[in-house]
Every structure is written in C-alpha cells, then in structure tokens.
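In: below are the sequence and a predicted model; questions follow.
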Amino acid sequence: MNVLAIDTSNQVLGVAVSKDGEVKAEYTANIKRNHSVGLMPAIDHVMQETETTPAQLDRIAIAKGPGSYTGVRIGLATAKTMAWTLKIPIVAISSLELLAHNVRQQNVLISPFFDARRGLVYTGLYENNYDRIHVKKEDQNILMEQWLDEVQSYQKPVIFLSQDIKKHQNLIKEKLAKSAIFPPAIDHLPRPGQLALLGVERNEDNLHELTPNYIRLVEAEAKWLKEQERNG
C-alpha cells in the first residue's frame with residue numbers, strides 16, 4: 001500500500017510517503033511560514049524522491065488537528081481534494097495522538113500539547129502499552145494549570161511533548177516536580193513518517209463528512225454565535 005501523509009496542523013510542516021509499511025521519504029520543516037506556500041512543493045519533492053505518481057497512491061493520511069485553524073484547514077483541504085480526485089480513501093489522525101507516538105517508554109503517561117494562548121492548551125493524555133498508543137483522556141482545550149492538577153492525580157511519571165514546551169515548562173516543573181519528564185528536542189516534533197504508517201492500519205474516514213478537529217470554535221465564530229443567540 002502506498003500512502004501519502006500530510007501534516008500542516010501546527011508550525012511544523014510534514015509530508016511523507018510510505019510503501020508497503022516502510023517509510024520511503026519524509027520531509028519536515030519547523031519554520032514559521034504559511035503552509036499554503038510550502039505544502040505542494042513538499043508533496044512534489046517526496047513523490048519524486050520515491051518515484052511515486054499520484055495514480056500509484058492508495059491512501060492519504062492527514063493530521064486533522066487540533067492546532068492552528070489556518071494550518072488545519074490547508075492540510076485537510078489539500079488531502080480531501082487529492083483523495084476525491086484520485087478516488088482513494090482518506091484517514092484522519094489526531095495531531096496530538098500523532099505526537100504521542102514519539103514516546104516508546106512503558107508505564108508512563110504521555111501529555112502532548114499545543115499552546116492555545118491565554119493560558120490554554122490543546123492536550124490529551126495517552127499511554128504506550130506494548131507499543132500501542134492508547135487514549136487515557138480525550139483531546140480537549142483546557143487551562144494548563146487545571147490540566148496539570150488533573151494529570152497529577154494519576155500519581156505517575158508524565159512525559160510532556162510540545163513545540164511550545166518552553167512556554168509552559170516552568171509551570172509544569174512547579175506543579176509536577178520530578179514526575180514531569182522532558183524528552184530531547186527532536187521528540188517534540190511530529191513525524192510525518194509515523195502518520196503514514198498509522199494511515200495504513202487505521203480505518204478510512206468518510207471523505208464528505210470529514211471536518212477539522214478544532215476542539216474549540218474560532219473566536220470570531222464564537223462571538224457571531226453569541227450575537228445570534230442574543231438576537232433570537
């Protein structure tokens with residue numbers, strides 16, 4: 001099975017191609033720029049490097065969020081358009097779960113997160129059991145301080161993963177002390193190759209019903225809905 005994986009859900013742009021369960025090419029750029037500019041050239045690059053034509057693709061794997069509203073939209077719109085045009089299945093994976101797959105340790109909790117401003121984060125709680133990532137608490141938008149109180153109640157070591165780790169590291173250390181584990185910098189970046197491999201084993205999503213996983217509404221949309229409620 002040939003899989004093209006796409007992740008533009010956060011600052012990191014990732015694209016990969018896997019063939020028969022083996023990652024053949026992987027492109028990652030951790031640069032602050034508009035993914036709409038870099039995505040198609042990155043796709044073209046990995047496709048050429050692996051000598052893969054669009055017609056040879058069997059599946060598209062996409063990181064569906066949470067994360068940057070614009071980034072999630074760009075990736076999902078591109079992936080859905082390609083899947084529809086090529087008439088192949090699409091598989092959507094939580095961006096937080098994808099990051100959690102960087103952890104191989106057993107008997108620890110995994111808390112990937114993305115900064116959501118104003119003290120809030122997008123996060124979830126995961127665990128690696130026999131090299132399978134399992135969800136302990138569903139992805140959510142929550143104050144980091146509140147989240148740390150909840151995580152602390154498990155009384156287990158917790159690995160924190162995030163491209164935004166420096167923004168919250170002091171608070172994490174203050175709350176969890178030695179229970180908090182911070183892996184090397186490379187492990188804080190999602191791997192598009194891992195996304196491609198997950199795309200092989202997961203069930204396909206309904207192309208027309210697939211929507212971004214924002215978790216919370218865009219602020220402008222939330223204000224509009226409140227205004228509609230006030231106006232009846």
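Out: Happy to help now that I have it.
In: the residue lying closest to R73 once chain neighbours are set aside is in what secondary structure piece?
Out: Once flanking residues are discounted, R73 sits nearest to P212: 6.2 Å by Cβ to Cβ, 6 or more residues apart in numbering. Using the backbone N, CA and C atoms, a C-beta is placed for each residue, glycine as well. Using DSSP states H and E, P212 sits in no helix or strand.
In: show me where the protein has strands.
Out: For the chain, the strands defined by DSSP state E occupy 2-7, 12-19, 22-30, 59-63, 90-93, 109-115, 120-129, 132-143, 158-161, 180-181.
In: so which elements touch the fifth one?
Out: So the one you mean is strand 90-93. strand 59-63, helix 69-86, helix 192-201 (3 or more Cβ pairs under 8 Å, 6 or more residues apart in numbering; DSSP states H and E).
In: roughly how far apart are the residue nearest to R73 and D187?
Out: 25 Å (Cβ to Cβ, to the nearest Å).
In: which one of those two has more residues nearby?
Out: P212 (19 against 15; other Cβ atoms under 10 Å).
In: any idea how far T123 is from the more buried one?
Out: 17 Å.
In: equivalent analysis for Q152, please.
Out: 14 Å.
In: neighbour count winner among these two?
Out: T123 (29 against 15).
In: thinking again about what came up before, redo the strands of the chain as TSV? Include mean pLDDT and distance to E204.
Out: Formatted as TSV, the strands of the chain follow (pLDDT from 0 to 100; distance: least, Cβ to Cβ, whole Å):
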stretch	mean pLDDT	distance to E204
strand 2-7	98	11
strand 12-19	98	16
strand 22-30	97	20
strand 59-63	98	7
strand 90-93	98	6
strand 109-115	97	24
strand 120-129	96	22
strand 132-143	95	19
strand 158-161	98	27
strand 180-181	98	35
